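**Student:** What would the 3D arrangement of this be:
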Amino acid sequence: MSNPLFLIPVMVGPIFMIAGFILLKSPPKQINHLYGYRTPGSKKNQERWDFAQQYSARLMIKTGIVLALLSVAGLFLKLNPVIELILAIALLVGSVILLTVKTERKLNEKFPIQP
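**Tutor:** This next block holds a predicted model:
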């Protein structure tokens, strides 16, 4: 089986789930530049940081499950290998973008920026 539309999501999905589980069970205690959900929005203060770690970890686990489930589509779709690769990479990149956008939106909703 060399279908990237199956292989990429089926490998990356569990990685997302494991990383999310680790982040959920052992989040970084202090704002840092090495480990955790690190964006300018999450690093504004400790309260935002702590929330972002928990929220993004749960979302990462859900995203991993969806990616793993979507890999099944790769078993049935028979497309040009280049198209399969492009779709698989788009799925991966789209998942990361969605995870970031949803987390940042939730951060801004929970901690509105005050003038």
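**Student:** Tell me where this protein has helices.
**Tutor:** 4-25, 46-76, 81-110 (DSSP state H).
**Student:** now those as a markdown table including mean neighbour count, distance to Y35 and mean pLDDT?
**Tutor:** Glycine gets a C-beta too; all of them are placed from N, C-alpha and C. Compiled in a markdown table, the helices of the chain are given as follows (neighbours: other C-beta atoms under 10 Å; distance: least, C-beta to C-beta, whole Å; pLDDT from 0 to 100):
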| stretch | mean neighbour count | distance to Y35 | mean pLDDT |
| --- | --- | --- | --- |
| helix 4-25 | 18 | 8 | 94 |
| helix 46-76 | 18 | 10 | 94 |
| helix 81-110 | 15 | 16 | 95 |
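**Student:** In JSON lines: the ones you listed, plus distance to T39.
**Tutor:** JSON lines is the format used below for these (distance: least, C-beta to C-beta, whole Å):
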{"stretch": "helix 4-25", "distance to T39": "14"}
{"stretch": "helix 46-76", "distance to T39": "8"}
{"stretch": "helix 81-110", "distance to T39": "7"}
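**Student:** can you tell me which residues contact S71?
**Tutor:** By C-beta atoms under 8 Å, 6 or more residues apart in numbering, the residues touching S71 are 5-10, 13.
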